[in-house]
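> No letters, just coordinates:
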């Protein structure tokens, strides 16, 4: 790969995830502080990610794969996204904010697939080259947390009291406009399915539905949906929780989770080889339970180390279940339905599973809201801890151990 192309793809990935991390991490805190949103309203805002994940295949399948170059669609989506971000920055109540965040996520979620498509099109051996490009996305997410917490300190208590978190949307609007314009300079990526007939069944990955006849794959599929319910608690509540209990610079400290994610990704081959797929997934689910118990009983004072450990467990929570699950899905699907199988899992998890999870998290947050506006976080975190443990037990009992090949 030419150095210029490598630089372009790396910058594209950096900006793509800088944009996501630059507002989504602090969204729950912003909604509570700036718009006085309830738990149910916060759940509505976060669930736009799920609606975006559900609608994204239609945009990619019906438009990107058939009619227009991927880099041009990426540019248009981010330019429109910049406008919507600015409107979110200008919103003064949840009623005016919600339509913009919904529209934004419907447009943003397809870009996650587009940046991958653009990258893969320039690679001779994606299995070896892609990780070196994708890591800049993780770096972008981390840097967004550093900018919010350290450079501008928008999530500091006094800044939050003045409503400064709204500037995260302005920052992201600028970054999105830049990426939108920059996208038109990216290597040309013509539509891969131009002239081909495509059906709704193809778009949703439903041709992979036959995999569910396999008992093990069905249990994995069901567990993937269910484990997304406690996952939603983390995305929706972690930043407001850390801010409310008094942890300084919570956004940059949550970036420890992204560092952990990058490190534990390197350990997956070792776990696969040493312990097998089933134990690796069980370890991931158990980590969710441990993480939430640490959040439930830790604090920002003498037990702050428990909060740090809980954040750092993100690598095991995410990589050992979701990345391992992608590998397992790839191994179970034949060559003709590999993409369809991955699409089906994505639709089930980020679509259906997290849509349910955000709603549940919102209801639980409102249930344990105190009269003074604070929350009973111990009881809030006990719910996903117990749920994740039950899912782990069900998976351990009904999933028969099998060997899964993993190519390093």
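That came through fine. Fair warning: this is a prediction, and the values are worked out from it, not measured in the lab.

> Backbone torsions only: list them for the closest residue to residue 92 other than its chain neighbours.
Among residues not flanking residue 92 along the chain, residue 35 sits closest, at 7.7 Å (Cβ to Cβ, 6 or more residues apart in numbering). The way it works is simple: take the backbone N, C-alpha and C, and place the C-beta from them, glycine included. Per-residue torsions, residue 35: phi -110, psi 0 (degrees, to the nearest 10).

> For residue 35, report the pLDDT, please.
Residue 35 carries a pLDDT value of 96.

> Going by contacts, tell me the helices and strands next to the helix or strand hosting residue 22.
Taking DSSP states H and E as the definition, one finds residue 22 inside helix 3-24. The helices and strands touching helix 3-24, judged by 3 or more Cβ pairs under 8 Å, 6 or more residues apart in numbering; DSSP states H and E, are helix 70-90, helix 94-121, helix 126-146, helix 167-183.

> Any buried residues in it, and which?
Neighbour counts using 16 or more other Cβ atoms under 10 Å place 8-24 of helix 3-24 among the buried residues.

> Repeat that for stretch 287-302.
Those would be 287, 288, 289, 290, 291, 292, 293, 294, 295, 296, 298, for stretch 287-302 by 16+ other Cβ under 10 Å.

> chain center to it: distance?
21 Å (Cα atoms, centre = their mean, to the nearest Å).

> How about stretch 281-290?
18 Å.

> Quick one: name whatever helix or strand follows the helix holding residue 22.
Assigned by DSSP H and E, the successor of helix 3-24 is helix 27-34.

> So which residues make contact with that next one?
Identification of contacts with helix 27-34 by Cβ atoms under 8 Å, 6 or more residues apart in numbering yields 23, 37, 41-42, 45-46, 94, 97, 155, 160-161, 163, 165-166, 168, 236-240, 243, 250.

> Domains in the protein, by residue range?
1-185, 206-408 (automatic domain parsing).

> pLDDT (mean, whole number) over stretch 341-348?
Per-residue scores along stretch 341-348 average to 79.

> Confidence-wise, which helix or strand of the chain is lowest on average?
Here the helix or strand of the chain ranked lowest by mean pLDDT, DSSP states H and E is helix 200-203, holding a mean of 61.

> related to what we said a few turns ago, export the helices and strands packed on helix 3-24 as CSV, with columns for mean pLDDT and distance to residue 53.
Below are the helices and strands packed on helix 3-24 laid out as CSV (pLDDT from 0 to 100; distance: least, Cβ to Cβ, whole Å):
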stretch, mean pLDDT, distance to residue 53
helix 70-90, 96, 15
helix 94-121, 92, 5
helix 126-146, 87, 17
helix 167-183, 98, 19
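
> Indicate which one of those helices is closest to residue 392.
Across these, residue 392 has its closest neighbour in helix 126-146 (26.5 Å, Cβ to Cβ).

> tell me what that closest one is packed against?
helix 3-24, helix 94-121, helix 250-254, helix 256-265.

> Export those to CSV and append columns for distance to residue 130.
Formatted as CSV, the helices and strands packed on helix 126-146 follow (distance: least, Cβ to Cβ, whole Å):
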stretch, distance to residue 130
helix 3-24, 9
helix 94-121, 6
helix 250-254, 25
helix 256-265, 12
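
> List just the nearest of the buried residues of stretch 287-302 to residue 275.
residue 287 (14.0 Å).

> Now do the contacts for that closest one.
For residue 287, the contact set (Cβ under 8 Å, 6+ apart) comprises 313, 316, 317, 320.

> Name the nearest residue to it, sequence neighbours excluded.
residue 316 (4.0 Å).

> so the one you found sits right up against residue 263, yeah?
No: contact between residue 316 and residue 263 fails when scored by Cβ atoms under 8 Å: they sit 10.0 Å apart.

> between these two, who's got more neighbours?
Using other Cβ atoms under 10 Å, the more surrounded residue of residue 316 and residue 263 is residue 316, with 24 against 13.

> if I look at that one, how far off is residue 288?
9 Å (Cβ to Cβ, to the nearest Å).

> Among the domains of the chain, which comes closest to residue 191?
domain 1-185 (5.4 Å).

> Measure how far the closest one is from the centre of its chain, please.
With Cα atoms, centre = their mean, you get 11 Å for domain 1-185.

> contacting residues for the nearest residue to residue 15 once chain neighbours are set aside?
Computed as Cβ to Cβ, 6+ apart, the closest residue to residue 15 that is not its neighbour in sequence is residue 179, at 4.2 Å. Residue 179 makes contact with 12, 15, 16, 19, 74, 75, 78, according to Cβ under 8 Å, 6+ apart.

> Out of those residues, which two sit at the greatest distance?
19 and 75 (13.5 Å).

> Run through the residues that contact the closest residue to residue 299 other than its chain neighbours.
Closest residue to residue 299 apart from its sequence neighbours, by Cβ to Cβ, 6+ apart: residue 245 at 6.1 Å. Contact partners of residue 245, counting by Cβ under 8 Å, 6+ apart, are 299, 300, 307, 377.

> Angles on the backbone of residue 245, please.
Backbone torsions of residue 245, given as degrees, to the nearest 10, read phi -80, psi 0.

> swap in the one 10 residues further on?
With angles defined as degrees, to the nearest 10, residue 255 sits at phi -70, psi -20.

> I figured the residue nearest to residue 92 was touching residue 95, is that so?
No: the pair residue 35 / residue 95 is not scored as a contact, 9.2 Å apart, by Cβ under 8 Å.

> Would you mind telling me which of these two has more residues around it?
A direct count of neighbours by other Cβ under 10 Å for residue 35 and residue 95 places residue 35 higher, at 21 against 10.

> Quick one: residues contacting the more buried one.
For residue 35, the contact set (Cβ under 8 Å, 6+ apart) comprises 41, 91, 92, 93, 94, 97.

> Distance-wise, check it relative to residue 161.
According to Cβ to Cβ, residue 35 and residue 161 sit 14 Å apart.

> just to revisit the earlier point, dump the buried residues of stretch 287-302 to TSV, plus secondary structure, pLDDT and distance to residue 104.
As requested, the buried residues of stretch 287-302 are arranged in TSV below (DSSP: H, G, I helix; E, B strand; the rest coil; pLDDT from 0 to 100; distance: Cβ to Cβ, whole Å):
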residue	secondary structure	pLDDT	distance to residue 104
287	helix	96	31
288	helix	95	28
289	helix	97	33
290	helix	97	34
291	helix	97	29
292	helix	97	29
293	helix	98	34
294	helix	98	32
295	helix	98	28
296	helix	97	32
298	coil	96	33
